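In: Okay, predicted coordinates and the sequence, questions at the end:
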Amino acid sequence: MTDEHPPSTTPPGRRRRAVVVGGGLAGTTAALRLADAGADVTLLESRPRLGGLAFSFRRDSAAGSLTVDNGQHVHLRCCTAYQWFLERIGASEQAPLQRRLDVPVLDAATGRLGRIRRTRLPVPLHLAAGLARYPHLTHAERAGAARAALALHSLDPADTGLDGTDFASWLHRQRQTPRAVEALWDLIGLATLNARAPQASLALAVMVLRTGLLSAPGAADIGVARTPLGTLHDTLARAALDRAGVRTHLRTRVHSITPTDGSAGSTGWRVSAATAGGGATGVPADTVILAVPHTEAHRLLPKGALTEPDRILGLGSSPILNIHVVYDRRVLHQPFLAALASPVQWVFDRTAPSGLTGEGQYLALSQSAAHQEIDSPVSVLRRRYLPALEHLLPAAHGARVRDFFVTRERRATFAPAPGTARLRPGSRTNLPGVHLAGAWTDTGWPATMESAVRSGITAARTALEVAGCPRDAETSHRIERRAVA
């Protein structure tokens, strides 16, 4: 909880000066919204690019020059804020959604391929036909899963009591078998929560599954970028910021935020940073939005901003391991594939976005909650995952591996454990003009691109409210309602 404080004021005739620290999705969103509302916005980012943890880089591979996404990121039709962001930067057509949910699921133990699909029927009947044909569960397990889905639909993710227990305990009470958890609930939850059911807050699991599976027939339709993430979150986002009049400074690391004497009794701020050339800069601000990871926010927050600032350190982190394999031929005949009874979790065909030419194929494996493997040597991972891919994909037998490499996000997300909700602060702090954004803040969502964008929208709106700009805040609020509807 934060203390109430009166709106701050800006001298007549001067636009409100806002500094956004962090150029990930949360910070970019906040900067765009503030600029749209008429603020004079400066965005400071320590990296040489925008995009946060959803970015691309160039690799000189034996297969040719590749554009590599650091990890595979997808969104769902229910991710309305992220879709608004894509529209705002002019990228909607580059990250299309499936016409209708269709997830191929291959059981490595049996070689059998099943699919999670939906129909056009209303909720919850839209999943009934697909579940009835899902071959990785017995008839009794399918019936049990349907009953659990109805029970889940009756839960309210805003119920504070749900955050005190783990998803696995609830599934056990619903008589879900270990196979049902692996082949259905963890298949979805692991990719969206970055945690398996025993380590996941029931509240977050309910939020994701209810919203994705049970809010609307098409809510879980999957969107995958067909261009590199860097094109979306850096190139197009930076162009949108430029058009909005935002001054973007890369390679600029903020080291302090200190109060200054403002006019008319208000509090101003000075954001001090080191630039790439070793110089120093100080940017004056009426409003500061910290859109950085929670550990960095803890370091930068001025004294008194949060009543118990150390609580946010309790969020911890959960890793994601990404394995990249380039074959000399096509071995996967689906855009993506989920696996059961295999070390492999999800496989995506990233051949076209990477720029790979010729007859080869580039596969990206996304391994969530990879605590045990995140620091494994590449040689160990190669010995583990290449045979696993050959077992899953018969066409990989005899195919030549032209490149194999690994990207690691050791702190990809906060750990969505039970009790997480009380550790996530809202946008508003105890200090006028200082606000928080980031997927780790109190959005109600797990740490996803959707959560990041929502946090940026909310931070901009609350900043305008605190600044005493009711008209601009209402405009932002209307956009927020459209974005998260």
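Out: That came in fine, so what should we check first?
In: same for the longest helix out of those in the chain, what does it pack against?
Out: Selection of the longest helix in the chain by residue count, based on DSSP state H, yields helix 449-466. The contact analysis (3 or more Cβ pairs under 8 Å, 6 or more residues apart in numbering; DSSP states H and E) places helix 449-466 against helix 25-36, helix 80-88, strand 287-290, strand 434-436, helix 470-484. From N, CA and C alone the C-beta is placed, and that goes for glycine too.
In: hmm, 10 Å instead?
Out: Packing partners of helix 449-466 (3 or more Cβ pairs under 10 Å, 6 or more residues apart in numbering; DSSP states H and E): strand 17-21, helix 25-36, strand 74-76, helix 80-88, strand 287-290, strand 434-436, helix 470-484.
In: Just tell me which of these ends up closest to residue 119.
Out: Among these, the nearest to residue 119 by Cβ to Cβ is strand 74-76 (17.2 Å).
In: So which residues make contact with that closest one?
Out: Identification of contacts with strand 74-76 by Cβ atoms under 10 Å, 6 or more residues apart in numbering yields 81-83, 85-86, 95, 97-98, 101, 191-192, 208, 211-213, 218-225, 336, 346, 348, 366, 448-450, 453.
In: if we go to 8 Å?
Out: 82-83, 95, 97, 212, 219-224, 448-450 (Cβ atoms under 8 Å, 6 or more residues apart in numbering).
In: helix or strand for residue 337, which one?
Out: strand 336-340 (DSSP states H and E).
In: Can you mark which positions in stretch 309-323 are buried?
Out: Buried residues in stretch 309-323, counted by 16 or more other Cβ atoms under 10 Å: 309, 312, 314, 315, 317, 318, 319, 320, 321, 322, 323.
In: Verify the contact between the first one and residue 298 for me.
Out: Yes - Residue 309 sits in contact with residue 298 when judged by Cβ atoms under 8 Å, with a separation of 5.9 Å.
In: Deepest in the core, which of the helices and strands packed on helix 449-466 is it.
Out: strand 287-290 (a mean of 31; mean count of other Cβ atoms under 10 Å).
In: The following helix or strand past that one packs against which elements?
Out: Downstream of strand 287-290, the next assigned helix or strand under DSSP H and E is helix 294-300. Packed against helix 294-300 by the contact rule (3+ Cβ pairs under 8 Å, 6+ apart) you find strand 253-261, strand 287-290.
In: Mind jotting down where the strands sit in the stretch 51-200 of the chain?
Out: Assigned by DSSP state E, counting those that start in this stretch, the strands in the stretch 51-200 of the chain fall at 56-61, 64-69, 74-76, 102-107, 113-117.
In: Pull up the pairing partners for the last one, direction included.
Out: It stands for strand 113-117. On the basis of DSSP bridges, the sheet neighbours of strand 113-117 come out as strand 102-107 (antiparallel).
In: Which residues does the strand it pairs with contact?
Out: Under Cβ under 8 Å, 6+ apart, the answer for strand 102-107 is 112-117, 134-136, 183, 187, 222, 334, 336-341, 392.
In: now residue 397: how far from residue 386?
Out: 11 Å (Cβ to Cβ, to the nearest Å).
In: The two: who's more crowded?
Out: residue 386 (16 against 10; other Cβ atoms under 10 Å).
In: which stretches of the stretch 201-350 of the chain form helices?
Out: Assigned by DSSP state H, counting those that start in this stretch, the helices in the stretch 201-350 of the chain fall at 202-214, 229-230, 237-244, 294-300.
In: ok so, going back, as a markdown table, the helices and strands packed on helix 449-466 with distance to residue 414 would be great.
Out: Listed next are the helices and strands packed on helix 449-466 as a markdown table, based on distance: least, Cβ to Cβ, whole Å:
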| stretch | distance to residue 414 |
| --- | --- |
| strand 17-21 | 18 |
| helix 25-36 | 13 |
| strand 74-76 | 19 |
| helix 80-88 | 18 |
| strand 287-290 | 15 |
| strand 434-436 | 13 |
| helix 470-484 | 20 |
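In: phi, psi of residue 46?
Out: Dihedral angles of residue 46 (phi, psi; degrees, to the nearest 10) stand at phi -70, psi -30.
In: ok, the residue nearest to it when sequence neighbours are not counted - how many residues close by?
Out: What sits nearest to residue 46 in space, not counting adjacent residues and going by Cβ to Cβ, 6 or more residues apart in numbering, is residue 253, at 4.1 Å. Using other Cβ under 10 Å, residue 253 has 14 neighbouring residues.
In: Now do residue 253, the pLDDT please.
Out: Note for residue 253: predicted pLDDT of 97.
In: what sits against it?
Out: Per Cβ under 8 Å, 6+ apart, neighbours of residue 253: 46, 273, 274.
In: Can you flag the buried ones in those residues?
Out: Counted by 16+ other Cβ under 10 Å, the contacts of residue 253 give 46, 273 as buried.
In: What is the nearest of the contacts of residue 253 to residue 426?
Out: Within those, proximity to residue 426 (Cβ to Cβ) peaks at residue 46, which comes in at 24.6 Å.
In: Run a quick check on that closest one versus residue 251, I expect a contact.
Out: Yes - if you go by Cβ under 8 Å, residue 46 and residue 251 touch, sitting 7.0 Å apart.
In: Dump the helices and strands packed on helix 449-466 to TSV, plus distance to residue 150 and mean pLDDT.
Out: Putting these into TSV (distance: least, Cβ to Cβ, whole Å; pLDDT from 0 to 100) gives the following:
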stretch	distance to residue 150	mean pLDDT
strand 17-21	43	97
helix 25-36	34	98
strand 74-76	21	96
helix 80-88	25	97
strand 287-290	41	98
strand 434-436	37	98
helix 470-484	26	52
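In: quick one, which of the ones you listed is nearest to residue 172?
Out: strand 74-76 (26.7 Å).
In: Off-centre distance for that closest one?
Out: Centroid displacement of strand 74-76 relative to its chain, using Cα atoms, centre = their mean, to the nearest Å, is 9 Å.
In: Let's have the strands of the stretch 51-200 of the chain in TSV, adding distance to residue 242.
Out: Formatted as TSV, those follow (distance: least, Cβ to Cβ, whole Å):
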stretch	distance to residue 242
strand 56-61	19
strand 64-69	22
strand 74-76	25
strand 102-107	38
strand 113-117	41
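In: mind checking the backbone torsions on residue 417?
Out: phi -80, psi 160.
In: Just list the residues touching it, thanks.
Out: Residue 417 sits in contact with 166, 195, 199, 200, 201, 316, where contact means Cβ under 8 Å, 6+ apart.
In: Now do the last one against residue 224, distance only.
Out: Using Cβ to Cβ, residue 316 is found at 29 Å from residue 224.
In: circling back: quick one: average pLDDT of the strand holding residue 337?
Out: For strand 336-340, the per-residue pLDDT averages 98.
In: so how many other residues sit close to residue 178?
Out: 10.
In: who's in contact with the closest residue in space to residue 244 that isn't next to it in sequence?
Out: Once flanking residues are discounted, residue 244 sits nearest to residue 35: 3.9 Å by Cβ to Cβ, 6+ apart. Neighbouring residues of residue 35 by Cβ under 8 Å, 6+ apart: 41, 241, 244, 245, 246.
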